[in-house]
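> quick one, what's the 3D model for this:
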Amino acid sequence: MSDLIASLPYIYRWDRQGRKGQPCDVLIRTKVMNSCLVKFADGYTMVTSRNALMKNKAQPHSETRQEQR
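Prediction:
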């Protein structure tokens, strides 16, 4: 599970729904209202502002999102 957490590219920064500080991945980005659909390690998904996300510093810098696919 810790490998999965380290591989998720973003950290959720806002204190919403008890998810502050949890790693997540962005499934869909929109330009409307700067929103996105995020998925957490436990499978929970939510729509949130992209301002609520920051890069996961635990993720290796040599890997990029394109290389993981």
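
> check contacts around the residue nearest the centre of the chain.
With distances taken as CA atoms, centre = their mean, Cys24 lies nearest the centre of the chain, 2.8 Å away. The contact partners of Cys24, by CB atoms under 8 Å, 6 or more residues apart in numbering, come to Leu8, Tyr10, Ile11, Tyr12, Val38, Lys39, Phe40, Ala41, Leu53. Backbone N, C-alpha and C define where each C-beta goes, glycine included.

> helix/strand/coil for it?
Following DSSP: H, G, I helix; E, B strand; the rest coil, Cys24 is assigned to strand.

> state the distance from it to Ser35.
Cys24 sits 14 Å away from Ser35, going by CB to CB, to the nearest Å.

> wait, what's in contact with the nearest residue to the residue nearest to the centre of the chain once chain neighbours are set aside?
Spatially, and ignoring its direct neighbours in sequence, Cys24 is nearest to Val38 (4.4 Å; CB to CB, 6 or more residues apart in numbering). Taking CB under 8 Å, 6+ apart, we find Val38 in contact with Tyr10, Tyr12, Cys24, Asp25, Val26, Leu27, Thr45, Met46, Val47, Thr48, Leu53.

> let's go with 7 Å and repeat that
Tyr12, Cys24, Asp25, Val26, Leu27, Thr45, Met46, Thr48 (CB atoms under 7 Å, 6 or more residues apart in numbering).

> tell me which residues in the strand or helix carrying it are buried?
If you go by DSSP states H and E, Val38 is part of strand 35-40. In terms of neighbour count (16 or more other CB atoms under 10 Å), strand 35-40 has its buried residues at Ser35, Cys36, Val38, Phe40.

> average pLDDT across that strand?
Strand 35-40 carries an average pLDDT of 97.

> residue farthest from the centroid of this protein?
Val32 (18.6 Å).

> ok, Ala52 - how many residues close by?
21 (other CB atoms under 10 Å).
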